[in-house]
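> Could you look at this predicted model? Sequence included:
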Amino acid sequence: MDVPEHLSALDPGLVAAYRATHYRVDLAPPFTMKVDVHGPGLGRLMQAGGHTGAMFITAWNPLGESLSRDRNEQRQQRLIDELRAAGLAWVPGVGSDPSGAWPDEEVSVLVPDVDRAAACDWGRRHGQNAVLWADTDAVPKLLLLR
């Protein structure tokens, strides 16, 4: 499972940056998710598909380490291949820092039909500090993994 924020090994500034990030989902029409804020676009997606959970994840920059674009693209392709093998659909997205201090995580995905425990597992398998997850309330939660 995820780690409570007060027990996390992550730098509080990094956690704050994750919380401030805008998580865009590239559907028609696109919508943006924010941590702990009800997302009407996410709610519509969840309701229309009868989904009970969804995660937003990337394989870029494992454990916050900046990798080359080529290496990040390889990691992301492996994530996509594993999602397909697991029979999971996904929608492309982007994680953006509204202040511009952090570069965009250009290749992220929203994956419906993933419960909280599975979201944590996917994040850990792909070397992430955190993932975003929401249930039917359409309020994305930041799940810290370290």
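Alright, I've got the coordinates. Residues are numbered from 1 along each chain as shown.

> Who are the packing partners of the longest strand along the chain?
Secondary structure of the chain per DSSP state E: the longest strand is strand 105-112. Judged by 3 or more CB pairs under 8 Å, 6 or more residues apart in numbering; DSSP states H and E, strand 105-112 is in contact with helix 40-49, strand 53-57, helix 69-85, strand 91-96. The C-beta positions use only the backbone N, C-alpha and C, and glycine is treated the same way.

> What strands flank that strand, and is each parallel or antiparallel?
When pairing is defined by DSSP bridges, strand 105-112 lines up against strand 53-57 (antiparallel), strand 91-96 (antiparallel).

> Which of these sits closest to Val131?
Comparing these by their distance to Val131 (CB to CB), the top pick is strand 53-57, with 4.9 Å.

> what's downstream of the longest strand of the chain, the next helix or strand?
Counting by DSSP states H and E, the next helix or strand C-terminal to strand 105-112 is helix 116-125.

> chain center to that following helix: distance?
From the chain centre to the centre of helix 116-125 is a distance of 10 Å (CA atoms, centre = their mean, to the nearest Å).

> elements contacting it?
Using 3+ CB pairs under 8 Å, 6+ apart, helix 116-125 sits against strand 53-57, strand 130-135, strand 141-144.

> Which pLDDT value does the model give Gly100?
On pLDDT, Gly100 comes in at 82.

> Tyr23 and Arg71: what is the separation?
From Tyr23 across to Arg71, the span is 23 Å (CB to CB, to the nearest Å).
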